[in-house]
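J.: When you get a sec, could you give me coordinates for this:
(2 chains)
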Amino acid sequence: GIQVEQSPPDLILQEGANSTLRCNFSDSVNNLQWFHQNPWGQLINLFYIPSGTKQNGRLSATTVATERYSLLYISSSQTTDSGVYFCAVRPLNAGGTSYGKLTFGQGTILTVHP
Amino acid sequence: DGGITQSPKYLFRKEGQNVTLSCEQNLNHDAMYWYRQDPGQGLRLIYYSQIVNDFQKGDIAEGYSVSREKKESFPLTVTSAQKNPTAFYLCASSSLGAGATNYGYTFGSGTRLTVV
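T.: Residues are numbered from 1 along each chain as shown, chains lettered A, B, ... in the order given. You can find the predicted model right below:
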């Protein structure tokens, strides 16, 4: 099956710093999503981004589908950004539609200190 | 507000018992999913359903069962055959169909199951 690798596994920042999280995947995809899991376990969808670039406030994401990677940028980090960031994908060869089961990476644990 | 409700938040199971986790959504999503998360790990797919009265096994379906009698509901039963059920269980839903512009998942808040 498709492999999803996230880096770095752990990241520690001071409040106000910027960071870049990376997601590499081993096959072509038609669905890629970034999630933030807070310390209480709630997963929030940050971006649905199978290709291109999107921005939402201090967060932005870019997926270069032809090179099989995606980047999540966090600017001016805040303590509330702490948690685990997951990338999840669905391989193109799984079928012609964009819905369906996702394969998750192992996540990047982000800690932002005040 | 639209969303997904999982219940209970915490569940304790004795050895040999079956337990059922509830998942209800009012987002009018066609697809629903159950994932399992172990400490420090990513999410692994247990079962998913794209339409009422139909569902497919995910990567770790053994010891679990599901039903999809209504579009809004996708309960998960953890049977006594599941040898290591202690984990965090997450339910999600998403849109289907060529007309959708966003296939992003919405997750519930999860159920923590512990075997005692």
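J.: which parts of chain B sit against chain A?
T.: B:31, B:33, B:35, B:37, B:41-45, B:48, B:50, B:58, B:88, B:90, B:92, B:94-98, B:100, B:102-107, B:109-110, B:112 (CB under 8 Å from any CB of the partner chain). Quick note: C-beta positions are derived from backbone N, CA and C, even for glycine.
J.: Filter those residues down to the ones in strands?
T.: In strands, defined here by DSSP state E, the members of the residues of chain B next to chain A are B:31, B:33, B:35, B:37, B:43-45, B:48, B:50, B:88, B:90, B:92, B:94, B:106-107, B:112.
J.: Quick one: buried ones out of these?
T.: Neighbour-count burial (16 or more other CB atoms under 10 Å in any protein chain shown) applied to these gives B:31, B:33, B:35, B:37, B:43-45, B:48, B:50, B:88, B:90, B:92, B:94, B:106-107.
J.: tell me which of those is nearest to B:Ser67?
T.: Closest to B:Ser67 out of these is B:Tyr48 (13.0 Å), distances taken as CB to CB.
J.: What score does that closest one have for pLDDT?
T.: On pLDDT, B:Tyr48 comes in at 92.
J.: mind listing what it touches?
T.: A:100-101, B:31-34, B:55-56, B:58 (CB atoms under 8 Å, 6 or more residues apart in numbering or on different chains).
J.: Any of those residues buried? List them.
T.: Among the contacts of B:Tyr48, those scoring as buried are A:100-101, B:31-34, B:55, B:58 (criterion: 16+ other CB under 10 Å).
J.: circling back to that earlier point, name the pair among the ones in strands among the residues of chain B next to chain A with the greatest separation in space.
T.: Spatial extent of these (CB to CB) is set by the pair B:Gln50 and B:Arg112 at 27.3 Å.
J.: Run through the chain and note the low-pLDDT ranges.
T.: Since no chain was named, I'll use chain A. A:95-99 (pLDDT under 70).
J.: please go with chain B instead
T.: B:1, B:97-102.
J.: surely B:Val96 meets B:Gln50?
T.: In this structure residue B:96 is Leu, not Val. Yes - counting by CB atoms under 8 Å, B:Leu96 touches B:Gln50, with 6.1 Å between them.
J.: Can you pick out the most distant pair from the contacts of B:Tyr48?
T.: That would be A:Gly100 and B:Trp34, which, of the contacts of B:Tyr48, are the farthest apart (CB to CB) at 13.9 Å.
J.: what's the closest non-adjacent residue to the most centrally placed residue in chain B?
T.: Central residue of chain B (CA atoms, centre = their mean): B:Trp34, 2.7 Å from the mean position. Leaving out its chain neighbours, the residue that sits closest to B:Trp34 by CB to CB, 6 or more residues apart in numbering or on different chains is B:Ile46, at 4.3 Å.
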